[in-house]
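S.K.: Task: produce atomic coordinates for the following.
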Amino acid sequence: MSIKLSERTHASRKPLTPLTAPTATSFHRTPLFPHNTDNCFSDIHGRTIVLRGLNVGGCSKVPNVTPGAHGGEGRISYSGRPFKTIVEAGEWWARLRLWGVSIVRWVVTWEAIEPQKIGDYDDEYIDYVYKVLDKAGENGLKVFVDVHQDCWSRLSGGSGAPEWTFLLVGLDPSKFHSTYTSATIPLQPEASILSAKAPYIFSEPHLPFQQTILSKPSSHLWPTNYSKLSTATMFTMFFAGETFAPKASIPVPGRGERNVGQLIQEAYINAFRHLARKLASLECILGWDVMNEPHPGFIGLPSLKRWNEDTELHLGVMANGVQGMVLASGGEGAPSTKPQLKIPIYRRSWPRPSKVSGYVDYELSRGGRVWLEGRKDIWREEGVWWWDPKNREGYDCKWDYFMKHPKTGALIDFGRDFYAPFIRKFLSAVREGRCQGLKDLGLHQGAGMGLWSFIEPVPNIGPPTWVEEEELLQADKTSSAGGLGVCYAPHWYDLRACFEKRLSYSLSFDVGALALGSRNFFQHSYFGRLGLLGNYKSQLTRVACHVQSFRQSGKPTPILVGETGVPFDINGFEAYKTGDVHLQMVMLDSITGAMERVGRGSLSWTLWNFTSENFVTIDPISDALESGDGWNSEDFSLVSRDWAMTEVKYPQQPLTPSDDCQPRTMAFVPNNKGVPLIRARDFGDLYAGARCIGAWIRPYPAKVAGVLLSSQFTLGNVDSGTRACWGGTFKMKYLLGRGNGVSSDLEIGRTTEIFLPAYHFGGGPWSLIIRILGFPAAAAAITVTSEECSGMMEIQSMDGTLFWIYSEATQSLNIVHTHQLSGWSVEVVVASGVPAHRRRYRVLRQLLTLFILGVLGVIFALVIGSWYYSHMVQLEEFNMKST
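M.R.: Modelled structure (predicted):
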């Protein structure tokens, strides 16, 4: 074996600021397909493709609203979300590419497409989307369109559907707040229910009394709306209106009587058929995420008298299913003159997410009737509930109405009976729209957007079973310039950290396993920072394994985690007050590190989220900090205009979006346990606005000439109180030249491209080790100090050659192998940065601390397990008595 090196050496130099987009992560005009052997993507050359990117953007869930004549909503438009101009979009796309982003999950809501009425599409906004995504394609990015919703609509505390969908069903959104049929914060404090007691009613003492630009429409309570009447009714009607509410029909000119649920689903599908037609020529679009976090509503609910409190978040005033229906009635038709309901109030608890802490005695006539004037109560009309003077509660219901088909009596399976059929209709429609759009432009059907289907599981339920006959629609690899296939696209969050807005990694729990019914607290307890990494890896591995039930045929199916992220305002806004982002760094590094360690390291993901307008203000009413992405007090954006956590500040001052928002001043810099984070300043404005850069801008093998066996990055000095947190060690192993089962005849098919971000490796020195496993002598180890480096390893016994070249300007390391080496495994190790200084006895102290924490954890688990067992026994006895 012989090794040859070529390097421009520089004894001492500053890091080079990259100005050219990384070649490793460029996918311009590159169609993608399912891998032949692994659950990941591949290109036309059979290389393994790993995609890393962002959701763009968090602020796209709320519109720019032109005020109406009387202070109400006027013209609703989403143009300018998330980029104010097309020029700004192009600048951000170019910067994100330099950060290593290769894929974008583009957030678009139904309301943005069809805000006013059925069939009235906002083509001005659609034209804006076309131009913005065209810029993304010019910058080499791949995009898939995320049809986004949360809790159905912003009028029911989330985002997604337009107001007219409620009106079509017969619901009056203006009554949701006063009847507890949605948890929303009013526009004005005097409009709140018992505004003086709002913290008690909402069970969230830090919630604002009225909506702000950051807290609208529901603040931290928004997830509770999934089990409120407004949201549950809309999802039930959307997916199964004809089944569970066949009487809910309205006359449609020229079409006779139509079920309103059927009309709403058709309108949804037609809206995105129209969007697909307009975007058909964009080759950067991979495909469509059919619906963000779909929910079954009432469908499949075992009992209308109880929601599953382990899987449906309960906080504040929470009516059960039938109580929500009674609340919506406003007491109409009640046998008593002043009917009342006793509704439980939930507060946070542990180990269960929440517990009942009190009750509200609610007089039904107080909030009024939620159903519009002249419209019937859908559920009462179907006989789901009724007034019953003989019942001590004054009403009764068919408690298992949504468990069985009303006509056949067959047990309902939401995924099989409703979700999967809807997916097929949606995908068929967008393909029709694409075909028509290409015809409109005179383009052949092999051009334009891709035909990938990104399918999400139902949160806390699981994925539908993919019907293989659908793949007949995806016959060959030439049917689309963007590629084709089906991708499993689940979401994952540390739910406890997100909803409690707190993190302590001394002791963490696998809340996913506990929510699934496990009571082995010791097994699901993790200690320390490495324990947090193991905890997240365990949960994400479980999520990824669901692909087996999604694709029961066993065919390789790419997995892309569509959403995951970190709430930056955890632990009482501490990082905004001190600049110490240690917990945010640890959490984000643990999430990305865990995803790297799932399976063979080929997991793709899009982090939540990018919001260029993320900012922080001081609430003049409470004198408290408010931060976020402009929706429900969420603060997940990886970029921000606030200066507390950004190593390089925005060139302009933080936004002041209204007179009520006060700008902040601060005299500190972001730091990790007191060590300033200033690495990004070596690169000018390259990383301006980015937060916790080292934790998520990471090296990764974007294109692997073969089968990836493992890939992971260990961030340097996360725990150090003496060294800056950047650099680290990247390791990967891969099998040469077997990506498509045969060796490629083209050199590009034998070229592995690795993204090495300037933040971690710019300027050097860093070490590179490349070894062929099975050949002890076939290894090269060099120290890279220059802007460019290349080398060659010749294996005479096999007449094979391994060639590599590194370019700091393009942040890429390319490794090319010859045919003769196909089938052998290669290990690549890249290490950068200087280890933290070891303090005396530090290791001994850490071991002693872990031992003490372990003992305390065991005691804690035993105490909690004993309490929980007795609590469950009492609950079972209570349920038996209730039954």
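S.K.: what about residue 438, is that helix, strand or coil?
M.R.: Of the three states, residue 438 takes helix under DSSP: H, G, I helix; E, B strand; the rest coil.
S.K.: ok now do it, which residues does it touch?
M.R.: By C-beta atoms under 8 Å, 6 or more residues apart in numbering, the contact set of residue 438 is 280, 281, 444, 445, 447, 448. (C-beta placed from N, C-alpha, C; glycine too.)
S.K.: go on, residue 301?
M.R.: 307, 321, 402, 403.
S.K.: My guess is the first one contacts residue 322. True?
M.R.: Put plainly, it is residue 307. No. Residue 307 lies out of contact with residue 322 (C-beta atoms under 8 Å); the separation is 11.0 Å.
S.K.: Out of the contacts of residue 438, name the ones that lie in strands.
M.R.: Residues of these located in strands (DSSP state E): none.
S.K.: Using PyMOL, define a selection of the buried residues within those.
M.R.: To isolate the buried ones among these in PyMOL, judged by 16 or more other C-beta atoms under 10 Å, type:
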select buried, resi 280+281+448
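S.K.: After the helix or strand bottoming out on mean pLDDT in the chain, which helix or strand is next?
M.R.: Sorting the helices and strands of the chain by mean pLDDT, DSSP states H and E puts helix 198-202 at the bottom, at a mean of 42. The helix or strand immediately downstream of helix 198-202 is helix 229-244, counting by DSSP states H and E.
S.K.: Output whatever helix or strand comes next after that next one as CSV, restricted to C-alpha atoms.
M.R.: Following helix 229-244 in sequence order, the next helix or strand is strand 249-252 (DSSP H and E). Extracted C-alpha coordinates of strand 249-252, given in CSV (Å, rounded to 0.1, in the frame of the first residue of the first chain):
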residue,chain,number,x,y,z
SER,A,249,-76.2,18.2,4.9
ILE,A,250,-76.8,21.4,3.0
PRO,A,251,-78.1,22.2,-0.5
VAL,A,252,-75.5,22.8,-3.1
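S.K.: Show me what the helix or strand just after strand 249-252 is packed against.
M.R.: Next in sequence after strand 249-252, counting helices and strands by DSSP H and E, comes strand 256-259. Secondary-structure packing of strand 256-259 (3 or more C-beta pairs under 8 Å, 6 or more residues apart in numbering; DSSP states H and E): strand 249-252.
S.K.: residues of the strand it packs on that come out buried?
M.R.: Buried residues in strand 249-252 (16+ other C-beta under 10 Å): residue 249.
S.K.: what ranges do the strands span in the stretch 651-800 of the chain?
M.R.: 671-672, 675-676, 700-704, 706-715, 728-736, 751-755, 766-772, 779-784, 788-795, 800-807 (DSSP state E, counting those that start in this stretch).
S.K.: of all the ones you listed, which gets the most neighbours per residue?
M.R.: strand 700-704 (a mean of 27; mean count of other C-beta atoms under 10 Å).
S.K.: Rounded mean pLDDT for that one, please.
M.R.: Strand 700-704 shows a mean pLDDT of 97.
S.K.: Show me the contact partners of it.
M.R.: Counting contacts by C-beta under 8 Å, 6+ apart, the residues touching strand 700-704 from outside are 24-25, 43, 47-52, 100, 102, 596, 601, 708, 711, 713, 732, 734, 739, 751-755.
S.K.: Can you tell me the strand partners of that strand and which way each runs?
M.R.: Looking at strand 700-704 with DSSP bridges, its partner strands are strand 48-49 (antiparallel), strand 751-755 (antiparallel).
S.K.: burial of the closest residue to residue 496 other than its chain neighbours, as a residue count?
M.R.: Residue nearest to residue 496 in three dimensions, not counting chain neighbours: residue 511, with 5.0 Å by C-beta to C-beta, 6 or more residues apart in numbering. Residue 511: 21 surrounding residues under other C-beta atoms under 10 Å.
S.K.: shift numbering so it begins at 45
M.R.: All right, first residue 45 from here; so that's residue 555.
S.K.: My guess is residue 555 contacts residue 537. True?
M.R.: No. Using C-beta under 8 Å, residue 555 is not in contact with residue 537; the gap is 9.9 Å.
S.K.: ok but residue 178 is inside a helix, no?
M.R.: Yes. Counting by three-state DSSP, residue 178 is part of a helix.
S.K.: show me the contacts for the residue nearest to it when sequence neighbours are not counted.
M.R.: Of all residues not flanking residue 178 in the chain, residue 326 sits nearest, at 6.2 Å (C-beta to C-beta, 6+ apart). Residues near residue 326 by C-beta under 8 Å, 6+ apart: 174, 177, 178, 181, 187, 492, 493.
S.K.: Check residue 467 too.
M.R.: 334, 497, 499, 508.
S.K.: quick check, nearest of those to residue 451?
M.R.: Ranked by distance to residue 451 (C-beta to C-beta), the contacts of residue 467 are led by residue 508 at 22.6 Å.
S.K.: Hmm, that closest one is touching residue 460, no?
M.R.: Yes. Under the criterion of C-beta under 8 Å, residue 508 makes contact with residue 460 at 6.7 Å.
S.K.: now the most centrally placed residue in the chain: how far from residue 83?
M.R.: In the chain, the centroid-proximal residue (C-alpha atoms, centre = their mean) is residue 607; its distance is 1.8 Å. Relative to residue 83, residue 607 is positioned 19 Å away (C-beta to C-beta, to the nearest Å).
S.K.: same question, residue 453
M.R.: Residue 453 is 39 Å from residue 83, by C-beta to C-beta.
S.K.: So for the two, which residue has more residues nearby?
M.R.: Per other C-beta under 10 Å, whichever of residue 453 and residue 83 has more neighbours is residue 83, with 21 against 7.
S.K.: Please list all residues in contact with that one.
M.R.: By C-beta under 8 Å, 6+ apart, the neighbours of residue 83 are 532, 588, 591, 600, 601, 602, 603, 643, 646.
S.K.: Provide the backbone phi and psi angles at the fourth one.
M.R.: Spelled out, it's residue 600. Reported as degrees, to the nearest 10, the phi and psi values for residue 600 are phi -60, psi 130.
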